[in-house]
Each structure stands twice: as C-alpha cells, then as structure tokens.
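*Asks:* Here is the input, now give the coordinates:
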Amino acid sequence: MSALYQRARPVTFDEVVGQDHVKDVLTSAIARSRVGHAYLFSGPRGVGKTTTARLLAMAVNCEAPAAERPCGRCESCRLVQAGSHPDVVELDAASNNSVEDVRDLRERVMLTSMRGGTRVWILDEAHMLSKAAANALLKTLEEPPPGLVFVLATTEPERLPPTVLSRCQHFRFRRLTDDEIRGKLARLANAAGVAAETAALDLVARSADGGMRDAESLLERLLASGEAVTLVRTEDALGLPPHERLRAMASALANGDLASLLAEADALYRAGFAPRTVADQLARSLRGALHALLAGEPWLAAGEDDLLRLLHALDDEQERFVRHDDLYSLEVALIKARNALLGNGPAAGAAVAASAAAAAAAGAVADGVMPVARGAVTGTVGETASETVGEAVSGDATGPAVARRRPSGSTPRAAGAEAPPSGGARGASPEPDAAPGGDPAQVPADGEQVGQFSWHAVRSQADVRLKAFLAPVRVEHSGSAVRVTFPEANEFHHKQLIMRLAAFEELLTAVVGPGFDVTIDGPAGTSRFTTSGSTRGGGPKKA
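*Replies:* Next up is the predicted model:
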C-alpha cells in the first residue's frame, strides 16, 4: 500500500494547495497552447514541485478539452499518475549526474513520441548535476527537439550554473502557511473517519515547517492506530515536551522562580526528553509569548525587553548542547537566561549595593564626614571600608577629573564638596598606603567592575540592541586600559558591534568619561579608540 502523501497527491491544478502564482501562469499557458520548452521549479522540500511537474506532463498529454486539462480521468492522465507513461520520464539527478548520463539523455530525447503526444522529461534534484553534466545539457535545453518539454526541480537553484538558469522559465515555490497545511490535514482526517483536534493539527502544521509532504507523513503515523488525533498523542509522536509544562517553565523563568524552573527541567529530563529539545521548545514558547505580546494578547507576565533577553540568552547556549546534551547543560542555560532577565546575575546584586553606597555617601556629606573633592572618580561597589579618597587631578576644566590616590593621613582638598553619585561613604576608616607608582589599587567586585570602570553601568545604560551584542563579551580593565574580548563562537556579535562602534564609543564616554583606551578583540579583528570622541586609525582594524 502506498504512503498517504502519494495517495493524497493532487490530480488537477485545483487540488494543489497554495502556489497560486505558479498555477495561474501554467493553466493559462496550457489553455492557450503556449507551454514553454524548459521550466525550473525551485523551493523547499515537500511544497509541490514534482507534483506540479507531473500535472504539467498530464496536461500537455491530456485528451480532455484545453480548458479542463489535466482531467485526471483519461488514459493518458492515469498512465502519468501510475508512472508508466512512455513519453514522460522522471530522472533523479543525484544518481544520473555524470557526463555519460547526460549524453545518453541527449540521445534518448531525439526519439519520437510513442503515443503521439508531448514528451516530458522531469529532472529532480537538478542541483546535483556535475558542472560538466550541466554544460553538456545546455545545447539541448536551448534548442530541444519539437514536442519536448524539460522540467528541472531543485531545492537549491543557486547551485545551478547561470547558463542553465537563463534557459529556463523559473518558478519559485514558497513554503505553505500553517492554515493551508491544517486545512488539507483536516480533510484527510475526515476522509479517514478519524476525529482530529485543531490544536493537534496546528502542531503538525508547525512541525512541518511549510512542507505538505512532511505534514502528511506525520498525519499517517497518527492515523495508523485509528484513534482520535489529540494534542497529547501528537506531542508523543514528535517527541516534544507537553505544551502546558513548557508554559509553566516559561512562567517560572519570567518570574525568576529558579527552584520551580530547575525542578521542571529535571522532571522533563527524567521523563526522557532531550535537554536540547527542552531548551529549543522553551525558546519557541517564549517566541510565541513575544508574538502574542506584540499582537496585544499577552499570556506571559514579561515585557518585550525581558522576552528578548531570555531568547538571546537561550540562543547563546545552543552551542553548549552540541558538545554536551545533558541535564547540567540544560540547567546552565536556564540559569543564564534567568540571570540575563535579572540584569546579568551577580552584577544585579552589585547594582543594589551601588545604590546603597550612593545613599551612604549622601548621608556622609550631610554629616560632614570626609567629603570627596568634586570631580574625583571614586571606587566601585565591593571595596572595603578602607578605600582610597579621590583627589581631583584634571588637565581639562570641562571634563571629569582623573582620580589619584592621596597619601594616608593627608587632609582632603575642597572639604565640604559633595560626593559623586557613584561613590561610597569615604573616611570611615584609615586609608591604605598608596600602591607603587601612585596608581589606585584595583579591587574587583564581581568580575565586571574594577576600579573606576563599571562594565555593569555601561551595559545597564545601553539600548536593547547594543546590550544584546555586548552579552557574550569578556571585559578586562587595568588603569585606563580596557579590553573587550569576543569568543570565537560570537563572530556575529563582534561584527554587529563594529558596525555600531560610534554608538559604543559615545556610550562609554557618557558612562565612564574620557581617558580610557579601549581595545575590542574578537574573530572579526581588532578595533581601538579612546573615550574622548576620536577613533584611532579611522575605524576598526584587522588584527
């Protein structure tokens, strides 16, 4: 017994789902007897390329009136459907791609029609032809014998030589919509006498990714048992986690409920679902939530920016599953997604501490306790009570000052000046001795903030798109030198940042002030600039 997609293959152009832009032109050409000598049908798999080629072969040999071709009932149409018409030949270019095969084809096309009609040669997977074979076919395509039609079908037309493309009428087949696929699946299920849930057919249509043949093959598996086609059975057949459990994970992630999130991930893993599948389907669920939000029908308590952060974080972790598809990789991906939502994890706590330090500094000024000179650059969150007191040293009266360590026990300048907002309460304890060379000591807080440079502050003030491209970087800071490094796997992010280098420079200058020498390294090369408004060398430079 033949497969469902073969039994359900259209026998007239009216039965073809979608592809109206192709059907209208072909039916008009057939009715007016103006069929071309060479056609190229291209598009994704399973969207009707070979089926349309067979319908064209049926139409040019059909015994019905021109307006009704193909009728699907005459002897010629039935022979084409059965694959036994002597004047209709189908070849697979994947197994007939040598020069000798094409030479044999050229000799055979010179033969006359056995039934007195039009001979049709259908060459499937035409992109598999070797370059020599394609060149050998050129003359025959350009000047075929009378009564011969060539139809080339391919999923990759860009691999065909331009000389072949120029000799064919090119029709591009599009992916079918979910509604088009679901409509035909519902008719097939009804014809089989099996009830089918709309949600189940929707899932089949989405999984087919625009290909009717894939959808019909999956439906055949579901119809084999004779039971109703339900969403649960469809998810089992596809090996997908239950829809409701994915929604529960999405809600836990949006709410920052790490305990529920990891518990659900563990349960799905123990139930036999692949971690990569869980992460991928969770991302699809979040994508659905984003589309629902944009359409004004939100079902998840998360804003647009939050959903974009979650999707970006999960996408960055896809490479991990290539190496290790285990529970640990899934948990790491979920934790990183949660941290991205909360403000990059550990740095989120640093931001809270920064607010507390700023409040403490304001209180210290009000009480007259060890104020810091105006314009001094203070330390970052995480420094101990024995921090340095900044001293304003600047060669530019209009720009922010550069902090220098003042020797222990000295009297602060400009007493009574207000403390800068990024500083903490100064003078609570004796200051440590100056570091060798007079440079301020670097006291890392959380791996992102060092000295007077706060990478967390930079990211928090970036717009959504720029922040997304900064997510995978590693930042190193020493004195006035800052190095931003992209991993090899994030070449795309590096290139996107280079395209926005001017905006990145403006952001750094606005947040940390001038005087920082910034180097950006990564797979796309090396770029350098100083946060004073000028880019060295006129732009990015390759390393």
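*Asks:* helices and strands of this structure: which one has the lowest mean pLDDT?
*Replies:* Lowest on mean pLDDT, DSSP states H and E among the helices and strands of the chain sits strand 390-393, with a mean of 34.
*Asks:* Please give the element, helix or strand, for the residue nearest in space to the middle of the chain.
*Replies:* Taking Cα atoms, centre = their mean, the centroid of the chain lies closest to D315, which sits 7.4 Å from it. Per DSSP states H and E, D315 falls inside helix 304-316.
*Asks:* So which residues make contact with that helix?
*Replies:* Outside of helix 304-316, the residues within contact range by Cβ atoms under 8 Å, 6 or more residues apart in numbering are 253-254, 279, 282-283, 286-287, 289-290, 293-294, 300, 302, 333, 336-337, 339-341, 464, 468, 471-472, 490. All C-beta spots, glycine's among them, are computed from the backbone N, C-alpha and C.
*Asks:* Filter these down to the buried ones.
*Replies:* Among those, those buried by neighbour count (16 or more other Cβ atoms under 10 Å) are 253-254, 279, 282-283, 286, 289-290, 293, 300, 302, 333, 336-337, 339-341, 468, 471-472, 490.
*Asks:* So which of those are in helices?
*Replies:* Among the buried ones among the contacts of helix 304-316, DSSP state H puts 253-254, 279, 282-283, 286, 289-290, 293, 333, 336-337, 339-341, 468 in helices.
*Asks:* How about A462, nearest residue that isn't a chain neighbour?
*Replies:* L507 (5.7 Å; Cβ to Cβ, 6 or more residues apart in numbering).
*Asks:* Let me see the contact set for the one you found.
*Replies:* 458, 461-462, 466.
*Asks:* Downstream of the strand or helix carrying it, the next helix or strand is which one?
*Replies:* Element membership of L507, judged by DSSP H and E, is helix 501-512. With elements assigned by DSSP H and E, the helix or strand that comes after helix 501-512 is strand 517-522.
*Asks:* For that next one, what is the distance to the chain centroid?
*Replies:* Offset of strand 517-522 from its chain centre (Cα atoms, centre = their mean, to the nearest Å): 26 Å.
*Asks:* Next secondary structure element downstream of it?
*Replies:* strand 525-530.
*Asks:* Report all helices and strands that that next one contacts.
*Replies:* helix 501-512, strand 517-522, strand 534-535 (3 or more Cβ pairs under 8 Å, 6 or more residues apart in numbering; DSSP states H and E).
*Asks:* swap the cut-off to 6 Å and go again
*Replies:* strand 517-522 (3 or more Cβ pairs under 6 Å, 6 or more residues apart in numbering; DSSP states H and E).
*Asks:* Only alpha carbons, please: show the strand it packs on as CSV.
*Replies:* C-alpha atoms of strand 517-522 as CSV (Å, rounded to 0.1, in the frame of the first residue of the first chain):
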residue,chain,number,x,y,z
ASP,A,517,41.9,53.4,26.0
VAL,A,518,39.5,50.7,24.7
THR,A,519,40.6,47.7,22.6
ILE,A,520,38.0,45.4,21.1
ASP,A,521,39.3,41.9,20.1
GLY,A,522,37.5,39.0,18.5
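*Asks:* Run the chain-centre distance for the helix holding D315.
*Replies:* With Cα atoms, centre = their mean, you get 11 Å for helix 304-316.
*Asks:* Name the residues of it that are buried.
*Replies:* 306-314, 316.
*Asks:* Which stretches in the stretch 1-150 of the chain count as strands?
*Replies:* Ranges of strands in the stretch 1-150 of the chain, per DSSP state E, counting those that start in this stretch, are 38-42, 88-92, 119-124, 148-154.
*Asks:* Outside of the longest one itself, which residues are in contact with it?
*Replies:* By Cβ atoms under 6 Å, 6 or more residues apart in numbering, the list of residues contacting strand 148-154 from outside reads 38-42, 49-50, 53, 109, 119-124, 126-127.
*Asks:* List only buried entries from those.
*Replies:* Buried members of these, scored by 16+ other Cβ under 10 Å, are 38-42, 49-50, 53, 119-124, 126-127.
*Asks:* Show me which of the residues you listed is closest to A59.
*Replies:* Distance to A59, by Cβ to Cβ, is smallest for V120 among the buried ones among the contacts of strand 148-154, at 9.7 Å.
*Asks:* Nearest residue to the closest one in space, please, no chain neighbours.
*Replies:* In space, V120 is closest to A57, 3.9 Å off (Cβ to Cβ, 6+ apart).
*Asks:* One more: Y269?
*Replies:* Y269's closest residue in space is L327 (Cβ to Cβ, 6+ apart), at 4.7 Å.
*Asks:* Isn't the one you found up against L268?
*Replies:* No. With contact defined as Cβ atoms under 6 Å, L327 and L268 do not form a contacting pair (9.5 Å).
*Asks:* For these two, indicate the residue with more neighbours.
*Replies:* The neighbour comparison of L327 against L268 (other Cβ atoms under 10 Å) goes to L268, with 23 against 16.
*Asks:* Flag the shaky bits of the stretch 251-400 of the chain, pLDDT-wise.
*Replies:* Low-confidence segments of the stretch 251-400 of the chain, defined by pLDDT under 70: 344-400.
*Asks:* Show me what the host helix or strand of L262 packs onto, helices and strands only.
*Replies:* Secondary-structure assignment from DSSP H and E places L262 in helix 258-270. When contacts are defined as 3+ Cβ pairs under 6 Å, 6+ apart, helix 258-270 packs onto helix 243-255, helix 327-341.
*Asks:* Which elements pack onto the last one?
*Replies:* Using 3+ Cβ pairs under 6 Å, 6+ apart, the elements in contact with helix 327-341 are helix 258-270, helix 275-294, helix 304-316.
*Asks:* try it again with 7 Å
*Replies:* Packing partners of helix 327-341 (3 or more Cβ pairs under 7 Å, 6 or more residues apart in numbering; DSSP states H and E): helix 243-255, helix 258-270, helix 275-294, helix 304-316, helix 318-323.
*Asks:* So for H85, which of those sits nearest?
*Replies:* Of all those, it is helix 275-294 that lies closest to H85, at 44.2 Å by Cβ to Cβ.
*Asks:* that older thread, would you turn the helices and strands packed on helix 258-270 into CSV with distance to A153?
*Replies:* CSV is the format used below for those (distance: least, Cβ to Cβ, whole Å):
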stretch, distance to A153
helix 243-255, 36
helix 327-341, 40
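*Asks:* Between the ones you listed, which one is closest to A237.
*Replies:* Here helix 243-255 is closest among the helices and strands packed on helix 258-270 (Cβ to Cβ), at 13.9 Å.
*Asks:* now that closest one and helix 327-341, what's the angle there?
*Replies:* Angle between the axes of helix 243-255 and helix 327-341 is 50 degrees (criterion: axes from the mean of the first three to the mean of the last three Cα atoms, to 10 degrees).
*Asks:* Please work out which residues outside helix 243-255 touch it.
*Replies:* Contact with helix 243-255 is made by 231, 235, 260-261, 264, 268, 281-282, 285-286, 289, 300-302, 306, 310, 334, 337-338, as judged by Cβ atoms under 7 Å, 6 or more residues apart in numbering.
*Asks:* And stretch 76-96, by the same measure?
*Replies:* Contact with stretch 76-96 is made by 11, 54, 57-58, 61-63, 70-71, 113-115, 117-126, 128-129, as judged by Cβ under 7 Å, 6+ apart.
*Asks:* on that earlier part again, if you compare the directions of the helix holding D315 and helix 243-255, what angle comes out?
*Replies:* Calculated by the same axes, to 10 degrees, helix 304-316 forms an angle of 110 degrees with helix 243-255.
*Asks:* switch to numbering from 59
*Replies:* Okay, residue one is now 59; in that scheme the one you just asked about reads as helix 362-374.
*Asks:* Kindly format the C-alpha coordinates of helix 362-374 as CSV.
*Replies:* The C-alpha coordinates for helix 362-374 follow below in CSV (Å, rounded to 0.1, in the frame of the first residue of the first chain):
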residue,chain,number,x,y,z
GLU,A,362,9.1,42.9,25.3
ASP,A,363,12.7,43.6,26.5
ASP,A,364,12.6,40.8,29.0
LEU,A,365,11.5,38.3,26.4
LEU,A,366,14.2,39.5,24.1
ARG,A,367,16.8,39.0,26.8
LEU,A,368,15.5,35.5,27.5
LEU,A,369,15.5,34.5,23.9
HIS,A,370,19.0,35.9,23.3
ALA,A,371,20.4,34.1,26.4
LEU,A,372,18.9,30.7,25.3
ASP,A,373,20.2,31.2,21.8
ASP,A,374,23.7,31.8,23.0
